[in-house]
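A.B. asks: A predicted structure for the sequence below; I have some questions about it.
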Amino acid sequence: GSSTITVGELPDGFYVADDGPGIPEAEREQVFESGYSTDEDGTGFGLSIVSKIAEGHGWTVSVAESERAGTRIEIGGVTRPNDRHPSA
């Protein structure tokens with residue numbers, strides 16, 4: 001089946017959410033480990049790469065349940081251009 005993806009703003013970043021099957025709470029830390037996949041054909045690199053990119057930018061990354069019981073990946077600690085140079 002297909003999933004609906006939603007992207008939205010957070011006070012210090014953004015999130016990407018879906019309405020898929022979600023990730024059990026006990027497995028949410030493992031999803032950032034290289035090689036972790038729920039798909040037998042998956043590489044397990046996807047969220048590991050996201051985590052490394054976030055870390056490289058000094059951002060935080062976490063997993064939560066989306067409003068539709070799917071998965072929500074939250075990226076925090078993001079500085080927007082307007083945050084650095086407020087207009088006078």
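C.D. replies: Cool, got the structure. Model, not experiment: these values are computed from the prediction.
A.B. asks: tell me which element the most centrally placed residue in the chain falls in.
C.D. replies: With distances taken as C-alpha atoms, centre = their mean, the residue of the chain nearest its centroid is Ile73 (2.4 Å). Using DSSP states H and E, Ile73 falls within strand 71-76.
A.B. asks: Identify the single longest helix in the protein, thanks.
C.D. replies: Counting residues, the longest helix in the chain under DSSP state H turns out to be helix 46-56.
A.B. asks: Show me what that one is packed up against.
C.D. replies: Packed against helix 46-56, as judged by 3 or more C-beta pairs under 8 Å, 6 or more residues apart in numbering; DSSP states H and E, are the following elements: strand 60-65, strand 71-76. Every C-beta, even on glycine, is put in place using the N, C-alpha and C of the backbone.
A.B. asks: Return the alpha-carbon coordinates of it using PDB.
C.D. replies: Coordinates of the C-alpha atoms in helix 46-56 are reproduced here as PDB (Å, rounded to 0.1, in the frame of the first residue of the first chain):
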ATOM      1  CA  GLY A  46      18.200   5.400   5.200                       C
ATOM      2  CA  LEU A  47      17.800   6.700   8.800                       C
ATOM      3  CA  SER A  48      21.400   6.000   9.600                       C
ATOM      4  CA  ILE A  49      22.400   8.500   6.900                       C
ATOM      5  CA  VAL A  50      19.700  11.000   8.100                       C
ATOM      6  CA  SER A  51      21.200  10.700  11.600                       C
ATOM      7  CA  LYS A  52      24.800  11.300  10.400                       C
ATOM      8  CA  ILE A  53      23.700  14.400   8.300                       C
ATOM      9  CA  ALA A  54      21.800  15.800  11.300                       C
ATOM     10  CA  GLU A  55      24.800  15.200  13.600                       C
ATOM     11  CA  GLY A  56      27.100  16.900  11.100                       C
END
